[in-house]
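> Need the 3D shape of this:
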Amino acid sequence: QVQLVESGGGLVQAGGSLRLSCAASGSIASIRSMGWYRQAPGKQREWTATITSAGSTNYAASVKGRFTISRDNAKNTVYLQMDTLNPEDTAVYYCNADVTRRSGVLSITNAYWGQGTQVTVSS
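Numbering: from 1, shown residues only. Below is the predicted model of the structure:
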């Protein structure tokens with residue numbers, strides 16, 4: 001099986017920074033895209049940023065220029081550097097990864113989610 005474990009959330013004042021990490025472990029053959037989503041109270045989960053295995057990145061308009069996604073393929077880990085945080089960034093942040101694992105002669109790719117980490121930005 002595959003597990004994603006996030007860390008790095010917490011409470012920060014507006015204008016501050018946080019760095020989230022998400023490490024994938026288990027029977028991993030390769031990881032395609034990795035990304036971050038967030039869910040604010042009373043709202044639907046929304047896509048925040050994605051990075052491909054080659055390092056190409058994309059960001060939601062609301063975070064572009066303030067957040068930076070990166071990954072360490074050797075460690076199967078994705079990061080989200082969040083700068084100039086504001087109260088509207090308060091949410092539970094989830095990491096997501098498209099993971100290929102081997103099952104006998106088969107290669108199976110599934111999307112996996114972490115358990116989420118709380119980010120709270122005070123005004």
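
> strands paired with the biggest strand by length in the chain, and their directions?
Using DSSP state E, we find that the single longest strand of the chain is strand 91-103. According to DSSP bridges, strand 91-103 forms sheet pairs with strand 30-39 (antiparallel), strand 106-113 (antiparallel), strand 117-122 (antiparallel).

> buried set for it?
A91, V92, Y93, Y94, C95, N96, A97, D98, V99, R101 (16 or more other C-beta atoms under 10 Å). C-beta here means a position set from N, CA and C on the backbone, and glycine is covered the same way.

> hmm, back to that, pipe the strands paired with strand 91-103 into CSV and attach mean neighbour count and mean pLDDT per row.
As requested, the strands paired with strand 91-103 are exported to CSV (neighbours: other C-beta atoms under 10 Å; pLDDT from 0 to 100):
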stretch, mean neighbour count, mean pLDDT
strand 30-39, 20, 97
strand 106-113, 12, 94
strand 117-122, 17, 98
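
> Quick one, which of these gets closest to G15.
strand 117-122 (8.9 Å; C-beta to C-beta).

> hang on, the earlier thing: including distance to Q81, could the strands paired with strand 91-103 go into JSON lines?
JSON lines is the format used below for those (distance: least, C-beta to C-beta, whole Å):
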{"stretch": "strand 30-39", "distance to Q81": "11"}
{"stretch": "strand 106-113", "distance to Q81": "21"}
{"stretch": "strand 117-122", "distance to Q81": "12"}
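
> Which stretch among those strands approaches P87 most closely?
Judged by C-beta to C-beta, the one of the strands paired with strand 91-103 that comes nearest to P87 is strand 117-122, at 5.0 Å.

> Could you report the neighbour count for L18?
21 (other C-beta atoms under 10 Å).
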